[in-house]
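Engineer: sequence? don't have it. structure:
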């Protein structure tokens, strides 16, 4: 692979506390790959042979239930790791990873993991921190699904995505990758019809602007109010 400039990745969470000379050695174990939009990087249930660091683009992790229902687990942004089955002792990938736009990743073989964490303990600590944060995120989403109305759940998802991958535009904060109303439905445990109704209502109120796989938060503050209101607090 072409040599990766360590200065471009040294600030990423995976490499916190790693010395420059150690980072070069870690990167020598990796290879780079490009995945065009809508290409699977790995499939749910496949043998977990590698782990990944996203350099460019965005990746959707989605899980198919035994009944055939698809659930969007999370979106991966540049600088984040994914496919960390080896860190939780899983032999197979628990979800499918799909490039939602043209993406570039670094790939390490899982066979290198024991050697890397033995030589560079901070790598293991950083990965454990990432796994812990995602577990907490999962717990938060389960709590939302159990206790919140659909409108609140949709608001929370939009705010999380804007925080993760939002960019300021003339009209507000745009979620900087292709995302459909169906994707949002699969993240919030509801139907496409319900999400479409909610977003159409918010558009008429000037809260959001949406198009084909594109969403802009025009009034983020009011969306925060919607997300945080309680069931007995009435309309925002």
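Structural biologist: Yep, it's here. As the structure is a prediction and not an experimental result, all values here were calculated from the model.
Engineer: Strands of this protein, residue ranges please.
Structural biologist: 31-35, 40-42, 50-56, 59-64, 70-76, 81-82, 96-99, 103-109, 166-169, 172-175, 208-211, 214-217 (DSSP state E).
Engineer: Go through those and name the closest to residue 159.
Structural biologist: Closest of these to residue 159 is strand 214-217, at 7.8 Å (criterion: Cβ to Cβ). Just so you know, the C-beta spots here come from the backbone N, C-alpha and C atoms, and that holds for glycine as well.
Engineer: mind listing what residue 93 touches?
Structural biologist: 42-46, 48, 83, 85 (Cβ atoms under 8 Å, 6 or more residues apart in numbering).
Engineer: How much space separates it from residue 47?
Structural biologist: Distance, residue 93 to residue 47, by Cβ to Cβ, to the nearest Å: 8 Å.
Engineer: surely residue 196 meets residue 181?
Structural biologist: Yes. Using Cβ atoms under 8 Å, residue 196 is in contact with residue 181, at 5.4 Å.
Engineer: Comparing the two, which shows the higher neighbour count?
Structural biologist: Per other Cβ atoms under 10 Å, whichever of residue 196 and residue 181 has more neighbours is residue 181, with 21 against 15.
Engineer: nearest residue to the more buried one other than its sequence neighbours?
Structural biologist: Nearest-residue entry for residue 181: residue 195, 4.7 Å, with adjacent residues in sequence omitted and distances by Cβ to Cβ, 6 or more residues apart in numbering.
Engineer: quick one: the one you found from residue 9, how far?
Structural biologist: 36 Å.
Engineer: The two: which has the busier surroundings?
Structural biologist: Higher neighbour count among residue 195 and residue 9: residue 195, with 24 against 18, using other Cβ under 10 Å.
Engineer: roughly how far apart are that one and residue 201?
Structural biologist: In terms of Cβ to Cβ, residue 195 sits 11 Å off from residue 201.
Engineer: So which bits of stretch 62-79 are buried?
Structural biologist: Buried residues in stretch 62-79, defined by neighbour count with 16 or more other Cβ atoms under 10 Å: 62, 72-78.
Engineer: do stretch 214-230 as well
Structural biologist: For stretch 214-230, a neighbour-count test (16+ other Cβ under 10 Å) marks 215-220, 222-223, 226-227, 229 as buried.
Engineer: likewise stretch 186-198?
Structural biologist: Those would be 186-188, 190, 194-195, 198, for stretch 186-198 by 16+ other Cβ under 10 Å.
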